[in-house]
Structure formats: structure tokens, C-alpha cells
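>>> return atomic coordinates for the entry below.
(2 chains)
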Amino acid sequence: MCLFLVKAVLFMVIPPLKFNRFLKQVRFIGLQSVVLILLTGGFTGMVLGFQGFYSLSKFGSDAFLGPMVGLALIKELGPVLAALMVTGRAGSAITAEIGIMRMSEQIDALELMGLNPYRYLVVPNLLAAMICLPLLTAIFDVVGIFGGYLIGGKLLGVGAGTYFGEMASYVEMQDVMEGFYKSLSFGVIIVWVCCFKGYYAGIFTGFGSEGVSRATTQAVVLSSVLILVWDYFMTSILF
Amino acid sequence: MIKIENLYRSFDGNEVFRGISLEIMKGEVLALIGRSGCGKSVLLKHVSGLMKPEKGRVVVDGREMDMVRGRNLTSLRDRLGFLFQGGALFDSMNVFENVAFPLKEKTKLSDKRIQARVFEELENVGLSGSEYKYPSQISGGMVKRAALARALVGDPEIMLFDEPTTGLDPVTGHAIIELIDSCHRRLHFTGIIVTHEISKVFGIVDRVAMLHEGVVWAEGTPSEFSSFEDPVVRTFVGDSTISKGGMHEKI
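Modelled structure (predicted):
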């Protein structure tokens, strides 16, 4: 599995890049995930608004709702939840697509044409995920912060100046970069695991449609677990 | 052109090849026959380099497939065409895009020339008018024809056919065999046709080899093969007595 990642990274840095395929995957992983990210980001922020206000008001600290929502989203919830959403929506589809290509000998056909399957199937996904995940996370964070304000500010009476002003005081560039590094690495994890599971569907998961289904399930479960485990290690390092 | 020497291969402890040796001369077409599961398709995958032998070697045009890497392997594969049993067309592309794909990726031909070349090849296989249909929208016979067009569009010197007529009705099956024959007369490729439908291919091949119990059990010209007395061969071949050139009269 590690060799698979090494090869993918190697073919990513050695030209040529299949640019059309890359654009197609940017559209698929990034653009088509935006609505899902808007929805999940918005509601996560709104829940944080309620829960944060409830907890903070117990200590008379409801003025700190803005920094609490902002830091929780930017450092943790934004990168993790956006990555989990992309895993469910795009990662599973990537595994299924590559798995079906493996089962129907389309990958063998690519190889026999003298074309490198990594360049066609893995590298465009890897690059697209590395670009799209940080952007989707940024959208998640922004929508979440406004969702938090909608509840905290408009419904529960925290002023806009307090909410955003305190947030600007407590959220630093380092926090934003922590979220960025996390989302970037989560993009690599999703594509690495999902492409690997699809590419070796049949060998490790059994043949036929059942093999593809098993590969897809394993890809989603393993990616999700790895995202959470890696998140812990990154937090430990970057804390 | 293709030389297989003392090839051994097993899967999960089950020995599929136990010392297979076979030679195919340049321009020759060999029919590889045998019971289902005897390793015919696996042998093709060894010839194309998709699988590696445990012991023995496969030499294609003087180069050992197990040892060829990188650009040498790519250049060798550029001269090789493979017709997969299920066609292996890219299901997200239409017929035109499938056939044009190797030209777009491997050559510097202009779009106009690629289009002309693809239309010509599709006409050769009788698929004019179906260029913009997707693999899921066409019949099994048409998928095989499109796959054949894709395999032949680069004018390969070596063609490997993995059960080209399996799953097709007799008329379509014969049409595919005729198509392979006409392509061979046009391109003079060296070929291996894996099949268990002997009567269909005996008329177009130069030699026949039968795999049985992990070895080449019998080998000869189609007419020699028809007269073999070996009970295993007789059970398999039955009354197939067509020799090369006699196919058209029979059809």
C-alpha cells in the first residue's frame, strides 16, 4: 500500500500530467461536493452556535462564542468533517469506478496500450483532492462560522461585533494553517486508500460485483478511520 | 517471433502450467485450444507481459518479457494488440473515443487524421453509424468489433485474441472470425487465437496447439490435428476437418 502511494507521488511529479482527466476530477471531487459541504458546514456551525452558547453562558462567557465556533471549525471540525463528506461522496465513487475498470480488464487494456494506469487513474485524483480538499474545508469553515452567527447572533442575542471581533482576536494564522495542513493530508489519504482499494479490487476483496462492493466499503471505512487517527497525530504535532 | 520455454505457473497451489513450450513464427497464426480453465487466457497474459512466470520464460521478438521494463516494455506493447474476451472497452467513452484513444495518447497525429483513421477502422469492422454509441448501448458482437478496431488501429505486428467468438451467436461468431482473417491478410500480424470453438477457427489458422494438464498436449497444422488419433484430442476436436483456406467454402 505504501509502494502504491510512492508510485502515485512519483508519477505526479514526473510529467506529463493528463490535464483533461485532472480537470474532470476537480469538477467531480471539488465542484460537485460544494452543495454537500454548504449543507453540512452550515448545520455544523448552527449546532456549535447552540451548544457553545449553552455551555459558555453557564460560565458567563457567551461573548466568546465567536472564537469557540471559529477555532473548533478551523482547527478540527472543518477539515475532518469535510474530509469525511468527500470520502463518502467522491472516495466511494473513485473506488467503485477503478474497481469496475479492474474487473472488466479496462486497466489491463490501458497497460497493454503502453499507457501508465497511475497517470490516468491515480495522479489526476490525487492532485484534484490536494487542491479541492483545502478549498472545500475553507468553504465549510466560512459557512459554519456564519451558521454559528445565525444562531448565536440572530437567535440568541450575541452581537455581531462581539462574535466576529472576539473571533478576529483569538483566531491566528497558525490556526488557519493547521486546518490547511490537515485538509491537504486528508485529501492524500482519501485518494490513496480509495484508489488502492479499487486498483486491487479482485485480488484482496474477491471478484465480481461483490468484490467491488466490498472494496468500496473497505475504502470508505479505512479512509474514515485513517482520517481520524491521522488527525490525532497531526493535532499532537501541531498543538 | 514468440517463444515460450518451459513455462511454469500455479495459482493457490494449483499448477496451471507444468512446462509449456511453444513457438510461433513471424506472420503465423496459432489457435490455442483446450478445456475451460486449462490456462489459455493465462498464457496470453504471460505473452503480453501482464503476468510473470514462476519458472521458464516468454520471449517476444527476441526480448524476454519478464526482463523488459519501462520504455522498452512500452515500445514492445506499442507493437502488440490484444482483443479481450469481454472487449474491455472503456465504458465511459463512446465507440469513436475508444478507438481513437490509443492514437490520441500514443501518436502526434492531428485530430483530423485521427478521425479519418478511426472512421476507416470502424468501417473495416462494419461499425459505421455506431461511432457515438456507448459500449452499454451496443450488442456483444458490436463490442467485440469495436474492441477489434481499437486493437488494430495502431497496426500491430502481434495480435492476441482471447476467445473472440465466445458468447456470440454462430452468425456473428463467423463474422468475427472472417474479420480476423481479413485483418490478418491486410496486416500480416503474428497471432494467437485462444478459443474452444474449434470449427470456427480451423479455417484461418496456420497451426493449432492444445493445452491439457498443464502442457502442450498436441500441436500441428489444422489438417494434421484433424487426423490425430489421441483420445484427448479426438474428444475435443470431434469432426472438425477444415484446413486453412477452406473456411469460406464451409461458411
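
>>> residues touching the residue of chain A most remote from its centre, list them.
Here chain A reaches farthest from its C-alpha mean at A:G60, the gap being 35.3 Å by C-alpha atoms, centre = their mean. Residues near A:G60 by C-beta atoms under 8 Å, 6 or more residues apart in numbering or on different chains: none. To be clear about C-beta, it is placed using only N, CA and C from the backbone, and glycine gets the same treatment.

>>> from B:L148, how far out is B:G126?
10 Å (C-beta to C-beta, to the nearest Å).

>>> what's the overlap in contacts for these two?
B:L179.

>>> name the residue in these two with the higher neighbour count.
Using other C-beta atoms under 10 Å in any protein chain shown, the more surrounded residue of B:G126 and B:L148 is B:L148, with 25 against 14.

>>> which residues does the helix or strand hosting the more buried one contact?
Assigned by DSSP states H and E, B:L148 belongs to helix B:140-152. Contacting residues not belonging to helix B:140-152 are listed as B:81-84, B:86-89, B:95, B:98-99, B:101-102, B:118, B:121-122, B:124-127, B:130, B:135, B:138, B:159, B:164, B:167-169, B:172, B:175-176, B:179-180, B:183, B:187 [C-beta under 8 Å, 6+ apart].

>>> same question, stretch A:155-168
When contacts are defined by C-beta under 8 Å, 6+ apart, stretch A:155-168 is touched by residues A:49-50, A:53, A:62-67, A:69-70, A:145, A:148-149, A:152-153.

>>> can you flag the buried ones in those residues?
The neighbour-count test (16 or more other C-beta atoms under 10 Å in any protein chain shown) applied to the contacts of stretch A:155-168 identifies A:49, A:53, A:62, A:64-67, A:69-70, A:145, A:148-149, A:152-153 as buried.

>>> pipe the residues you listed into CSV and attach pLDDT per row.
Formatted as CSV, these follow (pLDDT from 0 to 100):
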residue, pLDDT
A:G49, 93
A:F53, 92
A:D62, 85
A:F64, 92
A:L65, 92
A:G66, 92
A:P67, 93
A:V69, 94
A:G70, 94
A:I145, 96
A:G148, 94
A:Y149, 94
A:G152, 90
A:G153, 86
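
>>> so where's the stretch 151-251 of chain B shaky on pLDDT?
B:239-251 (pLDDT under 70).

>>> what segments of it are helices?
Using DSSP state H, counting those that start in this stretch, the helices found in the stretch 151-251 of chain B span residues B:170-187, B:198-201, B:222-227, B:231-237, B:247-250.

>>> what helices or strands is the second one leaning on?
Counting by 3 or more C-beta pairs under 8 Å, 6 or more residues apart in numbering or on different chains; DSSP states H and E, the packing neighbours recorded for helix B:198-201 are strand B:29-34, helix B:170-187.

>>> what's the mean pLDDT across stretch B:56-76?
Per-region confidence: stretch B:56-76 scores 86 on mean pLDDT.

>>> how long is it from one end to the other?
End-to-end distance for stretch B:56-76: 20 Å, by C-alpha to C-alpha, to the nearest Å.

>>> what bridges to the closest residue to B:F228 other than its chain neighbours?
Leaving aside its chain neighbours, B:F228 sits nearest to B:A218 (5.8 Å; criterion: C-beta to C-beta, 6 or more residues apart in numbering or on different chains). Applying DSSP bridges to B:A218 gives these bridge partners: B:M210.

>>> OK, contacts around residue 87?
By default, I'm working from chain A. Residues near A:T87 by C-beta under 8 Å, 6+ apart: A:190, A:194, A:220, A:223-224, A:227.

>>> could you do chain B instead?
B:135, B:143-144, B:146-147 are the contacts of B:G87 under C-beta under 8 Å, 6+ apart.

>>> any chance of these in TSV, plus neighbour count and pLDDT?
Output for the contacts of B:G87, formatted as TSV (neighbours: other C-beta atoms under 10 Å in any protein chain shown; pLDDT from 0 to 100):
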residue	neighbour count	pLDDT
B:P135	21	93
B:V143	21	91
B:K144	30	88
B:A146	26	92
B:A147	27	92
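
>>> determine which two of these are furthest apart.
B:P135 and B:K144 (10.9 Å; C-beta to C-beta).

>>> any idea how many residues pack against B:Q85?
Using other C-beta under 10 Å, B:Q85 has 17 neighbouring residues.

>>> do any residues in the top helix by length along chain A lie close to chain B?
Using DSSP state H to define each element, chain A has its longest helix at helix A:208-238. No - applying C-beta under 8 Å from any C-beta of the partner chain, one finds helix A:208-238 separated from chain B by no less than 12.7 Å.

>>> quick one: list the elements packing against that helix.
helix A:78-86, helix A:92-103, helix A:173-199.

>>> what about those helices, which gets the closest to chain B?
helix A:92-103 (7.6 Å; C-beta to the nearest C-beta).

>>> what is the least confident helix or strand in chain A?
Here the helix or strand of chain A ranked lowest by mean pLDDT, DSSP states H and E is helix A:2-13, holding a mean of 88.

>>> pull the CA coordinates from it and hand them back as PDB.
Extracted C-alpha coordinates of helix A:2-13, given in PDB (Å, rounded to 0.1, in the frame of the first residue of the first chain):
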ATOM      1  CA  CYS A   2       2.900   2.300   0.800                       C
ATOM      2  CA  LEU A   3       4.500   1.500  -2.500                       C
ATOM      3  CA  PHE A   4       1.300   2.400  -4.200                       C
ATOM      4  CA  LEU A   5       1.500   5.900  -2.700                       C
ATOM      5  CA  VAL A   6       5.200   6.300  -3.500                       C
ATOM      6  CA  LYS A   7       4.500   5.400  -7.100                       C
ATOM      7  CA  ALA A   8       1.500   7.800  -7.300                       C
ATOM      8  CA  VAL A   9       3.600  10.700  -5.900                       C
ATOM      9  CA  LEU A  10       6.400   9.800  -8.200                       C
ATOM     10  CA  PHE A  11       4.200   9.900 -11.300                       C
ATOM     11  CA  MET A  12       2.600  13.100 -10.000                       C
ATOM     12  CA  VAL A  13       5.900  14.900 -10.100                       C
END
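
>>> give me the buried positions along that helix.
Of all the residues in helix A:2-13, those buried under the rule 16+ other C-beta under 10 Å are A:4-5, A:8-9, A:11-12.

>>> need the contact list for the residue nearest to A:F186 when sequence neighbours are not counted.
Among residues not flanking A:F186 along the chain, A:A83 sits closest, at 3.7 Å (C-beta to C-beta, 6+ apart). A:A83 makes contacts with A:133, A:137, A:183, A:186-187, A:189-190, A:227, as judged by C-beta under 8 Å, 6+ apart.
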